[in-house]
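Engineer: structural data only, the sequence is not supplied:
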C-alpha cells in the first residue's frame, strides 16, 4: 500500500492498471544557484586547448615531403636533367582534363574536406573531456575530467535512501541523472537527489556550472 500523497504530485504520476494507481516515474529539471556570490571567480576560466600534435605533425610531414620532392625535381631540371615522370604526367593531366571531369571534382572535394578539417582543428579548443574549474589564484588553472566528475556525483546519488541504481551523464552544460528507486515515494527520492546533486555540482568547483536534470523511475517488472 502506498503512502498518502499530495494531490499536486500524485496527479502527475499515475498509470492505469484497473482501479490501482501506481507511481512509475518522477522527473525534474532542478533550478538552483550554481555558486554563492562569494565563491564565484571574477574572471572566467576558458576551456583548455588541445595541442593537436598528431594532425600538425602529419600536415607538416606531408607539406615538407611534397615541397622537398618538387624542389628536387625543379633543381634537376635546372641542371639539364629530365623532369620526373610524375610531374610530366600531372602536367599533362591538368592540361587535358576538363574542370567537370569526375576525377578533378573528386580531387577538389577531397582537398576542400581536408582544408575544412584542418580549419576546424585550428579554430576549436578540443579536449571536451576536461571541464575547466574556477580560478582560485591568478595564473593557476585546473580542470576536472568529465568521467571523474560523473563518478563523484554517482557516488553521492547512490547514498540517497531508496536509490537502487543510478546513471550519471556529465556534459559541459548539463548533468543528466537517471535513477531507479525500489522503495520510498519517487517524488521524495527525486527531491533528495535534487538537493544532494545540486550541492555536489557546486562543490566540484567548475567555472561553468551545468544545469541538472533528474529522472527517477521504478525497476522494470519481471515476467
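Structural biologist: Okay, I see it. As the structure is a computational prediction, the values presented were derived from the model and not from experiment. Residues are numbered from 1 along each chain as shown.

Engineer: and for residue 57, the neighbour number?
Structural biologist: Here the number of neighbours of residue 57 (other CB atoms under 10 Å) works out to 10. C-betas here are computed from N, CA, C, even on glycine.

Engineer: show me where this structure has its strands.
Structural biologist: 15-17, 20-22, 25-30, 130-132, 143-145, 163-170, 174-181, 211-217 (DSSP state E).

Engineer: can I see the domain layout of the protein?
Structural biologist: If you go by automatic domain parsing, the domain ranges for the chain are 15-38+130-134+142-217, 53-123.

Engineer: nearest to residue 46, of the ones you listed?
Structural biologist: For the domains of the chain, the distance to residue 46 is smallest for domain 15-38+130-134+142-217, at 6.6 Å, taking CB to CB.

Engineer: returning to that earlier point: got TSV for the strands of the chain, with distance to residue 123, mean pLDDT and mean neighbour count too?
Structural biologist: Converted to TSV, those look like this (distance: least, CB to CB, whole Å; pLDDT from 0 to 100; neighbours: other CB atoms under 10 Å):
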stretch	distance to residue 123	mean pLDDT	mean neighbour count
strand 15-17	50	40	9
strand 20-22	52	36	11
strand 25-30	32	60	17
strand 130-132	18	90	21
strand 143-145	20	90	15
strand 163-170	25	94	17
strand 174-181	24	94	20
strand 211-217	27	94	21
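
Engineer: select, out of those, the one closest to residue 49.
Structural biologist: Nearest of the strands of the chain (CB to CB): strand 130-132, 10.2 Å.

Engineer: any weak-confidence spans in this structure?
Structural biologist: Applying pLDDT under 70 to the chain flags residues 1-45, 223.

Engineer: what's the distance between the residue lying farthest from the centre of it and residue 63?
Structural biologist: Relative to the centre of the chain, and counting by CA atoms, centre = their mean, the farthest-placed residue is residue 80 at 57.6 Å. Separation of residue 80 from residue 63 (CB to CB, to the nearest Å): 28 Å.

Engineer: pull out the buried positions in stretch 59-67.
Structural biologist: The neighbour-count criterion (16 or more other CB atoms under 10 Å) identifies no buried residues in stretch 59-67.
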